[in-house]
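In: Pasted the sequence and its predicted model underneath.
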Amino acid sequence: MSGPSAPNTQTIESKAQLIATLEAGNKPPEDWRIGTEHEKFAYDQKDFRRLPYNGEPGIKQLLESLAGYGDWEPVLEGGNIIALKCKSGASVSLEPGGQVELSGAPLETIHQTCAEVNRHLKQAKEVCGKIGAGMIGLGFDPQWTRDDVPWMPKGRYKIMREYMPKKGSMGLDMMIRTCTVQVNLDFESERDMVRKMQVSLALQPLATALFANSPFKEGKLTGFQSLRSHVWTDTDPDRCGMLPFVFEEGFGFERWVDYMLDVPMYFVYRDGIYHDVSGKSFRDYMKGELEGFEGQLPTLADWNDHMTTAFPEVRLKSFIEMRGADGGPWRNLCALPAFWVGLLYDSQALNEAEALIGDWSIDEISKMRDDAPEQGLNATVQGRSLQDVARDVLAIAQGGLARRNKLNWDGETEEYYLNTLHRVADSGRTQAQLLAERFQYDWNGDITQVYREYSY
């Protein structure tokens, strides 16, 4: 989740200003970039408990130690270090339960973004080794209950913590017991944005299946391959879901703004303080009628903050965020950008992906989204298993990466990063299924083995 937006005190006086914030994302293809984000659970090596903010080892200690690597500047809230920022545009931040997130810089190639991930994880591993901590990439906490997980000292999380149970039964699980990996990609124009939004929404359930990596809850198997994805189905219906309007005639920047205006607010951030306005209307705010802020109009910083409080499968800002994948092993953190860049950053691949999903109905896509967390690659669309669909989609993505022809020092294209997904699609066995088998047959039900064998 995001921190407060960079200060922009320009007052919002019309909806046209909000539309312009999205239009500002239009870029020619030569300026398109790749931004990869991933979260992981940090734990105490002695007992595998999640790290508290204070203490040794603790999250504060972890961030202070990471700050010693490279050009990182601490970000403070209420005197607490809650993030690190780098001049490159990268940042390290905290999710509500102390999940540690790397938000990568906008980079030109997957080789570069994968190198950035590798540097960060090597640094994090070294720091963890010094303080007696560990990190693991899974979609859902494998062992600890809600009550076991410490909350981080960030004002927006306190507001969300109190509001979430009013809207769904699993919102608190989403906040403190899940981890994801996502990629942020650019668009050339409104029309290009629409095409990419439609393709990525339709194929997001496939990404959920391919990256499924959360079969456990409180030390037991759940029957889900992506429990993280299932959690989103009962988090908050006002701000989650598949967004059928994206597939309707006339969808564009203005329709997204209208959607965001209808998403209830969480907070207003002023002078270092998060003010609780949960459930209230941004439309009222634009009329100067927001309760507690009567006579005041929002700023563009308020809008940018509000844009971070919707959690659909794909989210539009001045770029597009792909949000459907579980946190996972090291190799998956490079595979996700390869998957989406191959599909969306090559014109032929985008055409082929559009053709593949062209006659899928909203109902079929929604059912696929509902089925994928439990069934994984056995879920179906139009009578085809997602395993079969995956083979076709990965072939499209591979072609897109080949035509991009971005080479590393060894002369390899970005196709290399799809290898782990080809293995999943060819075998039909997800990481979640492999973990479940290890748990049942090799670990004799001892969940602590997942930390010993799958930590970074």
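Out: Perfect, thanks for sending it.
In: Now stretch 387-399: average pLDDT?
Out: For stretch 387-399, mean pLDDT is 98.
In: contact partners of that stretch?
Out: 203, 206, 209-210, 338-343, 346, 348-349, 352-353, 356, 377-378, 381, 415, 418, 421-422, 424-426, 428 (Cβ atoms under 8 Å, 6 or more residues apart in numbering). For every residue, glycine as well, the C-beta is placed using N, CA and C.
In: Now intersect these with the strands, please.
Out: Among these, the members falling in strands (DSSP state E) are Val381.
In: Return a selection command, for use in PyMOL, containing the buried ones of the contacts of stretch 387-399.
Out: Selecting only the buried entries of these in PyMOL, with 16 or more other Cβ atoms under 10 Å as the criterion:
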select buried, resi 203+206+209+210+338+339+340+341+342+343+346+349+352+353+356+377+381+415+418+421+422+424+425
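In: Longest strand in the protein, by number of residues?
Out: Longest strand of the chain, by residue count under DSSP E: strand 34-44.
In: in it, what's buried?
Out: So for strand 34-44, counting by 16+ other Cβ under 10 Å, buried means Ile34, Gly35, Thr36, Glu37, His38, Glu39, Lys40, Phe41, Ala42, Tyr43, Asp44.
In: Verify the contact between the fifth one and Glu101 for me.
Out: Yes - the pair His38 and Glu101 passes the contact test of Cβ atoms under 8 Å, sitting 6.9 Å apart.
In: if you go through the stretch 251-400 of the chain in chain order, where are the helices?
Out: Applying DSSP state H, counting those that start in this stretch to the stretch 251-400 of the chain gives helices spanning 253-262, 282-286, 300-307, 332-344, 347-357, 362-375, 386-404.
In: Next one: Glu354 from Leu336, what distance?
Out: 21 Å (Cβ to Cβ, to the nearest Å).
In: Looking at the two, which is more packed in?
Out: Legend: neighbour count by other Cβ atoms under 10 Å for Glu354 and Leu336, higher for Leu336 (27 against 15).
In: Quick check: the more buried one touching Gly324?
Out: No - using Cβ under 8 Å, Leu336 is not in contact with Gly324, being 9.4 Å away.
In: Mutual contacts of those two, please.
Out: Ala207, Phe211.
In: Got the confidence number for Asn8?
Out: Predicted confidence (pLDDT) for Asn8: 74.
In: Also Ser2?
Out: Ser2 is assigned a pLDDT of 54 by the prediction.
In: check contacts around Leu377.
Out: Ala209, Leu210, Ser385, Leu386, Gln387, Ala390, Val424, Ala425, Gly428, Thr430.
In: Using a markdown table, lay out those residues together with distance to Gln10.
Out: Converted to a markdown table, the contacts of Leu377 look like this (distance: Cβ to Cβ, whole Å):
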| residue | distance to Gln10 |
| --- | --- |
| Ala209 | 43 |
| Leu210 | 41 |
| Ser385 | 50 |
| Leu386 | 45 |
| Gln387 | 50 |
| Ala390 | 45 |
| Val424 | 46 |
| Ala425 | 47 |
| Gly428 | 52 |
| Thr430 | 46 |
